[in-house]
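K.L.:
Need coordinates for the below:
(4 chains)
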Number of protein chains: 2
Amino acid sequence: MQKELKMADKGMDEAPGLTVQVSEGKERGGAAKSHEQWLTGAGLKATLPRVRILQHLKTAHDEQRHLGAEEIYARLYQAGERIGISTIYRVLLNLEQVGLVTRHQFSQGAVSRCVYELSFGERHDHMVCVETERVIEFRDPVIEARQEQIAQAHGYEVVGRELVIRVRRITP
Amino acid sequence: MQKELKMADKGMDEAPGLTVQVSEGKERGGAAKSHEQWLTGAGLKATLPRVRILQHLKTAHDEQRHLGAEEIYARLYQAGERIGISTIYRVLLNLEQVGLVTRHQFSQGAVSRCVYELSFGERHDHMVCVETERVIEFRDPVIEARQEQIAQAHGYEVVGRELVIRVRRITP
DNA sequence: ATTAGTGCAAATCCTTTGCAGCCAT
DNA sequence: ATGGCTGCAAAGGATTTGCACTAAT
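P.N.:
Prediction:
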């Protein structure tokens, strides 16, 4: 069962007009430093797969994109890194557990895949463009306050929330 | 592979204090009529599996509960109906396509399962109790208006949304 | 009668796990 | 060195699909 390779050729179907910038090749150092610090600071060994995955999540964040495990695999593969899909899942789990990444579901019509984003500390909600898959993060104190009020009005306290607005670009 | 039977014994772990009422046995008629009309009205044959599934979704709705495919299977099984799990998935898909049911993801921490609810026409958001799994539906014009505004402010129009607030009962 | 719908088994997709070898600390 | 990581293969759960058969109009 050659699962590890089978999605290598899945293109990454970029949004039109978006250029992917996986800026570095195989050399270490430079921008990678801070990722290593994030890892060690969170009590995780700064291994190459972890650093690379963080880098790609960072790149994706800059592109307003959330990646699924296989997309991360594909990007790494294109960049010449052969990192097993199982490692990717495990690393993402580790990163989630230490709070460095957040997992989302963003289920569309059919089957669901999880997507991951770097956690920059503060919570936020998401708008997802149904055409480009672009993700826009936002916070709205009014909505948040309202959620609290509604929960309380029913005798509940809020322990978590997820708001996803599916949107389409207005092109008049 | 006896998939079709293996979840028959999965209890349905009711919320404390909630009594399940699968009111009818195996005879037809009575309350079933309207379900058959919903089906034929939507252009679907009123087959027994479809009617039964609608009935159970109705019951579940009255219990403030959303069911997954296997839970529906289990309830049917308990009620003496042997309907294959694949049929349940297919029926749910049909019902979703004609707008009679809505599929949700309500993903918790780990693996996700889909849950289904009868569509009574108007959209609403959900609060899900993390302890009892009870689902409270609500609408809030303020939140909805805000969502529109936010989308427009970014140059988008809303095509869909899903807000799930995970809550816990306040017991002072 | 005819075609859609069903049941069963098998396939698929995404994700997780077991285990032996590898690499950061 | 050594215990946590990795890779691969295989298992797993939820959902879908292929196909022969049954049932609703």
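K.L.:
hey, which helix or strand in chain A has the poorest pLDDT?
P.N.:
Across the helices and strands of chain A, the lowest-confidence element by mean pLDDT, DSSP states H and E is helix A:3-6, at a mean of 39.
K.L.:
Just the buried residues of stretch A:52-70, please?
P.N.:
For stretch A:52-70, burial by neighbour count (16 or more other Cβ atoms under 10 Å in any protein chain shown) applies to A:52-57, A:59-61, A:63-70. Every C-beta, even on glycine, is put in place using the N, C-alpha and C of the backbone.
K.L.:
out of those residues, who's near DNA strand C?
P.N.:
Counting by Cβ under 7 Å from any atom of the strand, A:68-70 from the buried residues of stretch A:52-70 sit close to DNA strand C.
K.L.:
ok, now how distant is the residue nearest to A:Leu57 when sequence neighbours are not counted from A:Ala60?
P.N.:
The shortest distance from A:Leu57 to any non-neighbouring residue, by Cβ to Cβ, 6 or more residues apart in numbering or on different chains, is to A:Leu118 (4.8 Å). To A:Ala60, A:Leu118 is 8 Å away according to Cβ to Cβ, to the nearest Å.
K.L.:
Also A:Leu54?
P.N.:
11 Å.
K.L.:
Please give the element, helix or strand, for A:Tyr89.
P.N.:
helix A:85-97 (DSSP states H and E).
K.L.:
whoops, I mixed them up, A:Arg52
P.N.:
Counting by DSSP H and E, A:Arg52 is found in helix A:48-62.
K.L.:
just to revisit the earlier point, look at the residue nearest to A:Leu57 and say how many residues are nearby.
P.N.:
By other Cβ atoms under 10 Å in any protein chain shown, 17 other residues sit near A:Leu118.
K.L.:
In this structure it contacts A:Val101, no?
P.N.:
Yes: taking contacts as Cβ atoms under 8 Å, A:Leu118 lies within contact range of A:Val101: 5.8 Å.
K.L.:
Now the common contact residues for those two.
P.N.:
Common contact partners of A:Leu118 and A:Val101 (Cβ atoms under 8 Å, 6 or more residues apart in numbering or on different chains): A:Leu57.
K.L.:
Name the nearest residue to the residue of chain A found nearest DNA strand D, sequence neighbours excluded.
P.N.:
Per Cβ to the nearest atom of the strand, A:Thr87 is where chain A lies closest to DNA strand D, at 3.0 Å. Spatial nearest neighbour of A:Thr87, excluding adjacent residues (Cβ to Cβ, 6+ apart): A:Pro49 at 5.2 Å.
K.L.:
Can you get me a residue count around the one you found?
P.N.:
Applying other Cβ under 10 Å, I find that A:Pro49 has 15 neighbouring residues.
K.L.:
Tell me which residues touch it, please.
P.N.:
Shown in contact with A:Pro49 (Cβ under 8 Å, 6+ apart): A:81, A:83, A:87-88, A:91.
K.L.:
Can you tell me which of these is closest to A:Gly43?
P.N.:
Distance to A:Gly43, by Cβ to Cβ, is smallest for A:Val91 among these, at 14.2 Å.
K.L.:
Now do the helices in chain A.
P.N.:
Remark: helices assigned in chain A by DSSP state H are A:3-6, A:32-41, A:48-62, A:69-78, A:85-97, A:141-153.
K.L.:
which parts of chain A sit against chain B?
P.N.:
A:105, A:107, A:112, A:127, A:129-130, A:136, A:138, A:140, A:142-143, A:146-147, A:150-152, A:154-170 (Cβ under 8 Å from any Cβ of the partner chain).
K.L.:
Could you list the residues of chain A in contact with DNA strand C?
P.N.:
For chain A, the contact set with DNA strand C under Cβ under 7 Å from any atom of the strand comprises A:3, A:36, A:40, A:45-48, A:68-70, A:85-86, A:89-90, A:93, A:111-114.
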